[in-house]
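1. Fold the following.
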Amino acid sequence: MVSESESQLVCMLCSGQVTAGVLRGERSRFQLFGDTMNTASRMESSGERNRIHISQVTADLLVEAGMSKLIKPRHEKVMIKGKGEVRTYWLRTISSENKERTRSSTIKTNYVSSVEESEEISSQSTAASEEDTNERVGVVGMTKTERLVEWNVDVLSTLLQQIIASRGGVVNCIKNISLTSRYKPDATTVLEEFVPIIPLKRFDETELSKRPISPSSIDIGEEAKSQLRNYVSSVASMYNQENPFHNFEHASHVTASVKKLLTRIVNVGDGPTTTTTTTTSGGGGGVKNLVDLAGHSYGITSDPLTQFSVVFSALIHDLDHPGVPNAQLVKENTRNAQIYKKSIAEQNSVDLAWEMLMNDDFEALRACIYQTEEDLKRFRQLVVNTVMATDIVDKELQSLRKARWETAFATENHHTDSSEDIAESEDRKATIVIEHLIQASDVSHTMQHWHIYKTWNKKFFLECYGAYKAGRAPTDPSVNWYESELGFFDFYVIPLARKLGNCGVFGVASHEYLNYAMANRAEWDRKGESLVEEYLMTSDHHSNHHS
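-> Numbers count the residues shown, from 1 in each chain. So this is what the prediction gives:
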């Protein structure tokens, strides 16, 4: 008999569809066939003894089930025949030495919701510090909203560190820096502040090379950190948690997707478009060459304030969402509809979030974000444009975006006669990239694993169906939900995913988004009609339970 110490296994897990059958003969046996089995078999060659090797799909399913703690990303990609280099993971196991410690840790630790964790895993942004992140957000008795608040605080704090580091660590009093409620003096609404091209801050090679302070060494201070937490908590409270879809969890999901795409812009070293240099400044080694990145991403990645603004916008973009579309608000002639006329929910979100941020209670937080009126104006303009981009229904805004896209990316003539023309061209591209980034993130569930898509699609259906039953929608969405979702994929999601690739700054992320979108479209085509019936049963059961 082989002893326990002598037995060693190489295990791998891969999830997906399989074909099952019994092979006849002298030794009849049950066997599984298909791509999933082939992938698992080929993963065996890159496995390690006494470790369980799992695929990306399996990792996504574990995350969705709330078991992200069990996943540890492999530091290197593995080569699988027929698929090329792929990202895989290790399944964490409990050894006899740490069973009690892990059990205690499991009891004490709460985690960020599965959707947000799946974004973190996909982007590999937490590969090196998963345990540290869990420890920061894991507190006994925390609610789901509180965990999401802590996650958002952590994300925004990191970006604030980068902003302060880019200023050489300077955080001075900003009492004398103010901005009227509108960026444009003659503007009466947020939408009137919208501009087709945002002038971004430009950095030359010399300035970029003189950023000696490592962001990780920056301490934003207890006062600013406390104000940031209070602000994010207030934002969370201003979301209508009774909305199945447009709630704080959705805002956090969009924020996670924005963070992922911004990280993919920065981490494009795997491709031929940027170079990696080694530097001793800030105690780091193997950092990205910001000069190359700035040119490749049209200036987005070289300015931390731009990145903070886009992430901030994702967090507040659906603040105080009423759970019905703008057209219904106009029909009901609500107070906000009378004020804003169009893009009602989006303008209201900006006004509420901005008014709260400008309160004296958040002065230390604002001092971390900006130190000059120029930076404050740029911050405001980025927030306005980014949130307005989430209104994908307004035909006038759609027409403007299409025209600017054609000018920036579809025109073959790239000739410019002056540095001013070059700067304007780069700013136009940057503005468009930011808009498409937030739009893709707003519907990122359609470009993620099927189970994530199905979960959020159900939530959106329940919100729309609930509005119909409450008399706040003209038609029953269940009648054409199946067909309209196919149209949404064909005429919005898949073209948007293609544009992520065409603008040339997202690397492999654009292919990942497109592949998931097309796979989800095909899966919905097969299963969508039966899923709508399930959604209706869920809604009816919920209604009966509360009646």
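2. ok, now which ones touch the residue positioned nearest the centre of the chain?
-> In the chain, the residue lying closest to the centroid (C-alpha atoms, centre = their mean) is Ser257, at 1.0 Å. By C-beta atoms under 8 Å, 6 or more residues apart in numbering, the contact set of Ser257 is Glu119, Ala314, Ala440, Ser441, Ser444. Every residue, glycine included, has its C-beta placed from N, CA and C.
3. Among the residues you listed, which one lies nearest to Ile392?
-> Ala440 (11.0 Å; C-beta to C-beta).
4. any idea which helix or strand carries the closest one?
-> Counting by DSSP states H and E, the element that carries Ala440 is helix 419-442.
5. any low-confidence regions in the stretch 1-150 of the chain?
-> Residue ranges of the stretch 1-150 of the chain with pLDDT under 70: 1-8, 23-29, 66, 93-141.
6. mind redoing it with 80?
-> The model of the stretch 1-150 of the chain has pLDDT under 80 over residues 1-10, 21-35, 38, 41-47, 49-50, 63-69, 75, 80-83, 92-142.
7. that older thread, so among the contacts of Ser257, which ones count as buried?
-> Among these, those classed as buried by neighbour count (16 or more other C-beta atoms under 10 Å) are Glu119, Ala314, Ala440, Ser441, Ser444.
8. wait, isn't the last one in contact with His250?
-> No: under the criterion of C-beta atoms under 8 Å, Ser444 lies out of contact with His250, with a separation of 10.2 Å.
9. Check which helices and strands the longest helix seen in the chain sits against.
-> Among the segments of the chain that qualify as a helix by DSSP state H, the longest is helix 508-546. Other elements packing on helix 508-546 under the criterion 3 or more C-beta pairs under 8 Å, 6 or more residues apart in numbering; DSSP states H and E are helix 248-266, helix 450-469, helix 481-488, helix 494-502.
10. Show me which positions of stretch 363-376 end up buried.
-> Ala364, Leu365, Arg366, Ala367, Cys368, Ile369, Tyr370, Gln371, Asp375, Leu376.
11. repeat for stretch 476-486
-> Pro477, Ser478, Trp481, Tyr482, Glu485.
12. tell me the two of these that are most distant?
-> Ser478 and Glu485 (11.7 Å).
13. lowest average confidence, helix or strand, in the chain?
-> strand 276-277 (a mean of 33; mean pLDDT, DSSP states H and E).
14. mind listing the strands in the stretch 1-150 of the chain by residue range?
-> 10-13, 19-23, 29-33, 51-54, 71-73, 78-80, 84-86, 89-91 (DSSP state E, counting those that start in this stretch).
15. nearest to Pro215, of those strands?
-> In terms of C-beta to C-beta, the element of the strands of the stretch 1-150 of the chain nearest to Pro215 is strand 71-73, at 22.2 Å.
16. picking up where we left off before, packing partners for the helix holding Ala440?
-> Packing partners of helix 419-442 (3+ C-beta pairs under 8 Å, 6+ apart): helix 248-266, helix 304-316, helix 373-388, helix 395-405, helix 494-502.
17. and the last one with helix 481-488, angle?
-> Note on geometry: by axes from the mean of the first three to the mean of the last three C-alpha atoms, to 10 degrees, helix 494-502 and helix 481-488 are set 30 degrees apart in direction.
18. And helix 494-502, what's buried?
-> In helix 494-502, counting by 16+ other C-beta under 10 Å, buried: Ile494, Leu496, Ala497, Lys499, Leu500, Gly501.
19. Roughly how far does the closest residue to the first one other than its chain neighbours sit from Phe489?
-> Setting aside the residues directly before and after it, Ile494 is nearest to Ala517 in space (C-beta to C-beta, 6 or more residues apart in numbering), at 5.2 Å. When distance is defined by C-beta to C-beta, to the nearest Å, Ala517 is 7 Å away from Phe489.
20. what about the two, which has more around it?
-> Ala517 (25 against 21; other C-beta atoms under 10 Å).
21. What does the pLDDT read for that one?
-> For Ala517, the pLDDT comes out at 97.
22. Ok, Ser237 next?
-> 94.
23. about what we covered before: so what sits against both of Ala517 and Phe489?
-> Thr446.
24. for the stretch 351-500 of the chain, what are the low-confidence residue spans?
-> By pLDDT under 80, the weakly predicted segments of the stretch 351-500 of the chain are 410-422.
25. swap the cut-off to 90 and go again
-> Across the stretch 351-500 of the chain, the ranges flagged by pLDDT under 90 are 360, 395-427, 429.
26. returning to what we had before: which of the helices and strands packed on helix 508-546 sits most buried?
-> helix 248-266 (a mean of 24; mean count of other C-beta atoms under 10 Å).
27. Now do that helix against helix 304-316, angle only.
-> 150 degrees.
28. and Thr407, what does it touch?
-> Arg428.
29. Give the helix, strand or coil label for it.
-> Taken by DSSP: H, G, I helix; E, B strand; the rest coil, the conformation at Thr407 corresponds to helix.
30. Let me see the ranges of the strands in the stretch 201-350 of the chain.
-> Counting by DSSP E, counting those that start in this stretch, the strands of the stretch 201-350 of the chain are 276-277, 287-288.
31. Now do Asp154 against Trp90, distance only.
-> Following C-beta to C-beta, the distance that separates Asp154 from Trp90 is 24 Å.
32. between these two, who's got more neighbours?
-> Per other C-beta under 10 Å, whichever of Asp154 and Trp90 has more neighbours is Trp90, with 17 against 14.
33. tally of neighbours for the closest residue to the more buried one other than its chain neighbours?
-> Of all residues not flanking Trp90 in the chain, Lys72 sits nearest, at 4.5 Å (C-beta to C-beta, 6+ apart). Lys72 has 16 neighbouring residues, counting by other C-beta under 10 Å.
34. And the one 3 residues further on, by the same measure?
-> By the other C-beta under 10 Å criterion, the neighbourhood of His75 contains 8 residues.
35. what's the answer for the one 5 residues further on, then?
-> Around Ile80 there are 18 other residues, counting by other C-beta under 10 Å.
36. which ones are touching the closest residue to it other than its chain neighbours?
-> Residue nearest to Ile80 in three dimensions, not counting chain neighbours: Arg42, with 4.8 Å by C-beta to C-beta, 6+ apart. By C-beta under 8 Å, 6+ apart, the contact set of Arg42 is Ile80, Lys81, Gly82, Lys83.
37. and the third one, how many neighbours?
-> By other C-beta under 10 Å, 8 other residues sit near Gly82.
38. so how far is Gly507 from Thr158?
-> Distance from Thr158 to Gly507, by C-beta to C-beta: 21 Å.
39. for Leu32, same thing?
-> Here the criterion is C-beta to C-beta. By it, Leu32 lies 34 Å from Gly507.
40. Which one's more surrounded, these two?
-> Gly507 (21 against 11).
41. Quick check: phi and psi on the more buried one?
-> phi 60, psi -140 (degrees, to the nearest 10).
42. wait, it sits on Thr263?
-> No: here Gly507 does not reach Thr263: they are 10.4 Å apart, not a contact under C-beta under 8 Å.
43. ok so, going back, Throw the strands of the stretch 1-150 of the chain into JSON lines and include distance to Ser530, thanks.
-> Formatted as JSON lines, those follow (distance: least, C-beta to C-beta, whole Å):
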{"stretch": "strand 10-13", "distance to Ser530": "28"}
{"stretch": "strand 19-23", "distance to Ser530": "21"}
{"stretch": "strand 29-33", "distance to Ser530": "25"}
{"stretch": "strand 51-54", "distance to Ser530": "29"}
{"stretch": "strand 71-73", "distance to Ser530": "31"}
{"stretch": "strand 78-80", "distance to Ser530": "33"}
{"stretch": "strand 84-86", "distance to Ser530": "31"}
{"stretch": "strand 89-91", "distance to Ser530": "32"}
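44. which stretch among the ones you listed comes nearest Gly323?
-> Ranking the strands of the stretch 1-150 of the chain by proximity to Gly323 (C-beta to C-beta) places strand 71-73 first, at 34.1 Å.
45. Tell me how far Phe33 lies from Trp450.
-> 21 Å.
46. ah, wrong one, I meant Lys83
-> Distance from Lys83 to Trp450, by C-beta to C-beta: 18 Å.
47. Quick one: distance of stretch 330-350 to the chain centre.
-> 26 Å (C-alpha atoms, centre = their mean, to the nearest Å).
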